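Novice: Sharing a model that was predicted from the sequence below.
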Amino acid sequence: MESVSVSLCWRSYWLESGVGPCGVAGILDVVMHAPAHIVKPHAADIEDTVAYVIGLQDSHGNWPSKAGPRRKNPLASENTLIQWCHGAPGILTLLSTSILSCSTLEFSSELENSLVSALVRGASLTHSRGLLRKGPGLCHGVGGTATVLFQAADALASQPEEQRACLRRALHLLQCYAELRGGRHFAKPDRPWSLYEGVAGAAAALTEALERVEGLLSQGAEGMGMPRGHPSGLLGSGDLDLPARA
Ligand SMILES: [Zn+2]
């Protein structure tokens, strides 16, 4: 039976909560937002674990919901879900944070190249499957897929073509939502006004889109990046950023 063998093996998270933001990817993302002097001693373990997550990406660019024996479950082994809470979009958040942490945590160039490659593939899939119909929120809606594409764009500053592609894709998804909303194209979520299921999440993503477009109009291509002066992300993911201690 397949097992999880990796430096940071939170068994219950790998097997029960999963690979995505409710599990391993979420833990790693939060850890990397901690002050550098706290995280740095553990950089090798983090690098090994991030590399393991990258290795789970399938031939389509998606990720399984769970690692280890649970992948034998037919429902878990088909990597069909592509939304922030399961699949590529949630992993894009981790990959983007990891790329932005490469310098601080002194990750290897091999890992950095793998991160960029996995992020580019995952971003393409997230765009092609990202017009989700479960509602417009951040968790399993178009607000979430657009937001992680903005985040990917911030992390791909060294790849200008890929960066622009991610920005175009995020804006495209939100334009589709804006044109289709109000009809029967989107299911009504259980909490239709909420941040993670409903229109509050779409409003957050649209606000970011407006900021980026306004930046583009006023400053040219440079104005499309990081409108708030820090990398994009789902609300709250960057709130733990503290000044690095020398
Ligand atoms: Zn969800």
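Specialist: In hand now; what should we look at? As the structure is a prediction and not an experimental result, all values here were calculated from the model.

Novice: chain center to the helix or strand hosting residue 126, what's the gap?
Specialist: Under the criterion of DSSP states H and E, residue 126 resides in helix 109-128. Its chain's C-alpha centre and that of helix 109-128 lie 11 Å apart, by C-alpha atoms, centre = their mean, to the nearest Å.

Novice: Next, the buried residues of it.
Specialist: For helix 109-128, a neighbour-count test (16 or more other C-beta atoms under 10 Å) marks 111, 114-116, 118-127 as buried. Bear in mind the C-beta positions are built from the backbone N, C-alpha and C, glycine included.

Novice: Kindly report the same for stretch 164-172.
Specialist: Here stretch 164-172 shows 165, 166, 167, 169, 170, 171 as buried, counting by 16+ other C-beta under 10 Å.

Novice: Please report how far the fourth one lies from residue 153.
Specialist: Right, residue 169. 9 Å (C-beta to C-beta, to the nearest Å).

Novice: where does the chain dip in pLDDT?
Specialist: For the chain, the stretches with pLDDT under 70 are 1-4, 11-17, 68-78, 221-246.

Novice: quick one: the helices in it?
Specialist: Remark: helices assigned in the chain by DSSP state H are 11-12, 24-32, 36-39, 43-55, 74-77, 88-105, 109-128, 142-155, 160-180, 199-219.

Novice: Can you give the contact residues for the second one?
Specialist: In this structure, residues lying in contact with helix 24-32 by C-beta atoms under 8 Å, 6 or more residues apart in numbering are 8, 10, 13-14, 17-21, 39, 42, 46, 49-50, 53, 67, 90-91, 93-94, 97-98, 101, 105, 237, 240.

Novice: among these, which ones are buried?
Specialist: 8, 13-14, 17-21, 39, 46, 49-50, 53, 67, 90-91, 93-94, 97-98, 101, 105, 237.

Novice: picking that back up, now render the helices of the chain as a markdown table, adding distance to residue 63.
Specialist: What follows is these, written out as a markdown table (distance: least, C-beta to C-beta, whole Å):
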| stretch | distance to residue 63 |
| --- | --- |
| helix 11-12 | 19 |
| helix 24-32 | 8 |
| helix 36-39 | 23 |
| helix 43-55 | 7 |
| helix 74-77 | 12 |
| helix 88-105 | 5 |
| helix 109-128 | 8 |
| helix 142-155 | 13 |
| helix 160-180 | 18 |
| helix 199-219 | 21 |
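
Novice: Quick one: end-to-end distance for stretch 129-136.
Specialist: 14 Å (C-alpha to C-alpha, to the nearest Å).

Novice: near the ion at all, it?
Specialist: No: judged by C-beta under 5 Å from the ion, stretch 129-136 makes no contact with the ion; its nearest approach is 7.7 Å.

Novice: to the chain's geometric centre, what's the distance from that stretch?
Specialist: 15 Å.

Novice: Close to the ion: what parts of this protein are there?
Specialist: Contacts of the chain with the ion, taken as C-beta under 5 Å from the ion, map to 85, 139, 140.

Novice: In ChimeraX, select just the buried ones from the residues you listed.
Specialist: Burial among the residues of the chain next to the ion is assessed by 16+ other C-beta under 10 Å; the matching ChimeraX selection reads:
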select :85,139,140
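
Novice: Relative to residue 205, which of the residues of the chain next to the ion is nearest.
Specialist: Residue 205 lies nearest to residue 139 out of the residues of the chain next to the ion, by C-beta to C-beta, at 12.2 Å.

Novice: you'd agree that closest one is up against residue 86?
Specialist: No: shown here, residue 139 and residue 86 do not form a contact pair, counting by C-beta atoms under 8 Å, at 9.5 Å.

Novice: What about the closest residue in space to residue 82 that isn't next to it in sequence, how many residues nearby?
Specialist: In space, and not counting its chain neighbours, residue 82 is closest to residue 129: 4.3 Å by C-beta to C-beta, 6 or more residues apart in numbering. Neighbourhood size, residue 129 [other C-beta atoms under 10 Å]: 19.
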